[in-house]
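Asks: could you work out the structure for the sequence below:
(one chain, ligands or ions: 2)
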Amino acid sequence: MTVRVPGKLNLHLGVGDVRGDGYHDLCTVFQAVALTDDVTVSVAEEPGVEVVGEGSAAVPAGASNLAWRAVQTLATHVGRDPDDPKVRVAIRKGIPVAGGMAGGSADAAATLVALASLWRLEMGRDELATIAAKLGSDVPFLLHGGNALGTGRGEQIVPVLSRHTYHWVLAFDRRGLSTPDVYTELDRLRAEGDPPRVGSVEPLLEALATGDPRQLALLLGNDLQAAAVSLRPGLRRTLRAGVSAGALAGIVSGSGPTCAFLCGDAQSAVEVAAELSGAGVCRTVRVAQGPVPGARTVGGEETRPTPPQVHA
Ligand SMILES: C[C@@](CO)(OP(=O)(O)O)[C@H](O)COP(=O)(O)OP(=O)(O)OC[C@H]1O[C@@H](n2ccc(N)nc2=O)[C@H](O)[C@@H]1O
Ligand SMILES: Nc1ncnc2c1ncn2[C@@H]1O[C@H](COP(=O)(O)OP(=O)(O)O)[C@@H](O)[C@H]1O
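Replies: Ligands and ions are numbered 1, 2, ... in the order given. Next up is the predicted model:
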């Protein structure tokens, strides 16, 4: 059973103060983009996880892999033995690891969908979403896909209307950033001073409903960007280079360090990608459009199309 799952961008990421449980209240607008992982789950006597593809060397193959945690959590939920679930999980990564695009969460969401089908579980999306939220704040959105408003710690999802396909250029950095480290850095910056906060989310929701990328570009905002840039100062150069190359706007994706550049159309995205890849500010450049659906079965034998790619 193979499930394809997209990565995500946060078009708006408003971060509240740290809560008693260590999480931060969020007001975020997610968009799923066509940079995907494929997760194949099969019945096997030898349980385990295999990972190939983009950044796979940095992904744990053991029990700490989020996809394996998804297997164990779902097994427990339906009364199977979580220590002997008799399945193997094979992950083909296309989403950058520790890049702020929620690749691990995406694999967990895909594993839930694949296993629910493999084990023929009569489960609605709401029940799966409740299990997803236990695995990580971003996991419910990756089940859902499209555009959505996320609140709580990001796990409470409401679909958002959008009229347009947006064209993005994504700049992958040479190394990842740890999500908890970036939140901690934001707390530190806020204790020291008062870094600017994104405003109300309403104008961005209106821009999405209208479907004008130029209007949307003016409204992209991420409270974690200052913290990601503080930990990785080179991102400032990357952000400048994308805009100089002709993007409408650039933003750090979630906790970073991937930078996402919104372009006016598909042709412009290809031109920006080509110029950015020659600028020497990042490891790899990709183009991807959004929104796209969340975790979806693609069958056992299908191969995925090769995404457009430019190596820096
Ligand atoms: C920042 C965001 C933006 O969408 O994603 P990434 O850019 O990393 O993919 C998310 O908030 C990441 O969500 P996710 O990666 O699922 O985080 P979790 O596993 O739930 O939490 C990991 C750690 O991040 C911090 N965390 C996460 C979510 C939240 N609302 N407040 C937090 O402070 C906490 O330190 C927590 O222990
Ligand atoms: N299936 C998985 N894919 C990617 N990373 C995973 C996975 N399972 C666990 N991880 C761990 O989670 C960390 C965060 O990865 P990822 O979800 O790709 O990034 P981010 O939280 O920045 O979006 C990685 O450093 C990796 O060690």
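
Asks: domain map for the chain?
Replies: Using automatic domain parsing, the domains assigned to the chain come out as 2-160, 166-290.

Asks: any chance of JSON lines for these, columns distance to Arg296?
Replies: Placement of C-beta: from N, CA and C, glycine included. Below are these laid out as JSON lines (distance: least, C-beta to C-beta, whole Å):
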{"stretch": "domain 2-160", "distance to Arg296": "6"}
{"stretch": "domain 166-290", "distance to Arg296": "15"}
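
Asks: right, so of those, which gets closest to Gly299?
Replies: domain 2-160 (6.1 Å; C-beta to C-beta).

Asks: out of the domains of the chain, which comes closest to ligand 2?
Replies: Closest to ligand 2 of the domains of the chain, according to C-beta to the nearest ligand atom: domain 2-160, at 2.9 Å.

Asks: up against ligand 2, what does the stretch 1-150 of the chain have?
Replies: For the stretch 1-150 of the chain, the contact set with ligand 2 under C-beta under 6 Å from any ligand atom comprises 59-60, 65-67, 91, 97-105, 107.

Asks: quick one: Ala32 and Gly290 touch, right?
Replies: Yes: taking C-beta atoms under 8 Å as the definition, Ala32 is a contact partner of Gly290 at 5.9 Å.

Asks: the more surrounded of the two?
Replies: Ala32 (28 against 25; other C-beta atoms under 10 Å).

Asks: tell me the contacts of the more buried one?
Replies: Going by C-beta atoms under 8 Å, 6 or more residues apart in numbering, Ala32 touches 6-8, 141-142, 144-147, 290-294.

Asks: using PDB, write down the CA coordinates of the helix or strand encompassing it.
Replies: Secondary structure assignment for Ala32, by DSSP states H and E: strand 24-43. Extracted in PDB, the C-alpha atoms of strand 24-43 (Å, rounded to 0.1, in the frame of the first residue of the first chain):
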ATOM      1  CA  HIS A  24       3.200  27.700  21.800                       C
ATOM      2  CA  ASP A  25      -0.300  28.700  20.800                       C
ATOM      3  CA  LEU A  26      -0.300  29.200  17.000                       C
ATOM      4  CA  CYS A  27      -2.400  30.900  14.400                       C
ATOM      5  CA  THR A  28      -1.100  29.600  11.100                       C
ATOM      6  CA  VAL A  29      -2.200  29.200   7.500                       C
ATOM      7  CA  PHE A  30      -0.800  26.000   6.000                       C
ATOM      8  CA  GLN A  31      -0.400  25.300   2.300                       C
ATOM      9  CA  ALA A  32       0.400  21.800   1.100                       C
ATOM     10  CA  VAL A  33       2.900  21.900  -1.800                       C
ATOM     11  CA  ALA A  34       3.800  19.300  -4.500                       C
ATOM     12  CA  LEU A  35       7.100  18.200  -3.000                       C
ATOM     13  CA  THR A  36       6.300  14.700  -1.800                       C
ATOM     14  CA  ASP A  37       7.400  11.600   0.100                       C
ATOM     15  CA  ASP A  38       6.100   8.100  -0.900                       C
ATOM     16  CA  VAL A  39       5.400   5.800   2.000                       C
ATOM     17  CA  THR A  40       4.800   2.100   1.300                       C
ATOM     18  CA  VAL A  41       3.500  -0.100   4.100                       C
ATOM     19  CA  SER A  42       3.500  -3.900   3.600                       C
ATOM     20  CA  VAL A  43       2.800  -7.000   5.700                       C
END
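
Asks: what strands line up against it, and which way round?
Replies: Using DSSP bridges, strand 24-43 pairs in its sheet with strand 2-18 (antiparallel), strand 87-93 (antiparallel), strand 147-151 (antiparallel).

Asks: closest to Val252 out of these?
Replies: Comparing the strands paired with strand 24-43 by C-beta to C-beta, strand 2-18 comes nearest, at 9.1 Å.

Asks: could you work out the end-to-end span of stretch 120-140 for me?
Replies: End-to-end span of stretch 120-140 (C-alpha to C-alpha, to the nearest Å): 20 Å.

Asks: show me which residues of the chain sit near ligand 1.
Replies: So the chain meets ligand 1 at 10, 13, 22-24, 26, 28, 100, 102, 105, 136-138, 153-154, 179-180, 183, 254-255 (C-beta under 6 Å from any ligand atom).

Asks: among the residues you listed, name the ones in helices.
Replies: Taking DSSP state H as the definition of helices, the residues of the chain next to ligand 1 contribute Ser105, Thr179, Pro180, Tyr183.
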